[in-house]
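**Student:** The amino acid sequence is not available; the structure is as follows:
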């Protein structure tokens, strides 16, 4: 497992358009995924210990903000023969096991991850309703021990977006396993 941090991206950057399928083959486009307030998009996978630790937090955030117009989508770019735990059939199993209520999409070509300059899993991006980046950083300040979390930065960014406030000034990079590039 190679520890990597997310890339530094300028706030206000436009969301790259994309069209991906879920593991069952249902297509989704970036425009149709955008909620009335915004979109939380997270590059993530099944096998990475950082991702495993953050999945429950991500699911709770998605549920908390869905009714406030922030849609959520997860994208798996780790479709790689050396990582069978991230294959689409395993994604379907994870969706059922964790009760994931938002789309978990397959980026088999890794083109979408490259367009976003995604680096690690998890790598969260928060966009406003115009598709402009308002947050790109970690979910919180303690990926290993949820009970020891002192700052929930992604939640604060989502709350600011819903309230119509300016994006958070201080944004710490996310960290996790590297995306398994082909």
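**Tutor:** Great, that's in hand. Predicted model only: the values in this text are computed from it and were never measured.
**Student:** Just give the number of residues close to residue 153.
**Tutor:** A count of nearby residues for residue 153, using other Cβ atoms under 10 Å, gives 20. For glycine as for every other residue, the C-beta is placed from the backbone atoms N, C-alpha and C.
**Student:** Kindly report the same for residue 121.
**Tutor:** When neighbours are counted by other Cβ under 10 Å, residue 121 registers 32.
**Student:** Residue 50 is in contact with that one, correct?
**Tutor:** Yes - with contact defined as Cβ atoms under 8 Å, residue 121 reaches residue 50; the gap is 6.4 Å.
**Student:** overlap in contacts of those two?
**Tutor:** Taking Cβ atoms under 8 Å, 6 or more residues apart in numbering as the contact definition, residue 121 and residue 50 share the neighbouring residues 176-177.
**Student:** where are the low-confidence patches of the protein?
**Tutor:** Within the chain, the stretches with pLDDT under 70 are 1-2.
**Student:** centroid residue for this protein?
**Tutor:** With distances taken as Cα atoms, centre = their mean, residue 42 lies nearest the centre of the chain, 0.8 Å away.
**Student:** what's the burial count for the closest residue to residue 88 other than its chain neighbours?
**Tutor:** Spatial nearest neighbour of residue 88, chain neighbours left out: residue 23 (3.6 Å); criterion: Cβ to Cβ, 6 or more residues apart in numbering. Using other Cβ under 10 Å, the number of residues around residue 23 comes to 20.
**Student:** Just list the residues touching residue 18, thanks.
**Tutor:** Residue 18 is in contact with 29-30, 111-112, 115, counting by Cβ under 8 Å, 6+ apart.
**Student:** Name the nearest of those residues relative to residue 105.
**Tutor:** Closest to residue 105 out of the contacts of residue 18 is residue 112 (8.2 Å), distances taken as Cβ to Cβ.
**Student:** so the closest one makes contact with residue 20?
**Tutor:** Yes - assessed by Cβ under 8 Å, residue 112 is found in contact with residue 20 at 6.1 Å.
**Student:** Need the overlap of contacts for those two.
**Tutor:** Shared contacts of residue 112 and residue 20, defined by Cβ under 8 Å, 6+ apart, are found at residue 75.
**Student:** For residue 130, see how far away residue 12 is.
**Tutor:** From residue 12 across to residue 130, the span is 10 Å (Cβ to Cβ, to the nearest Å).
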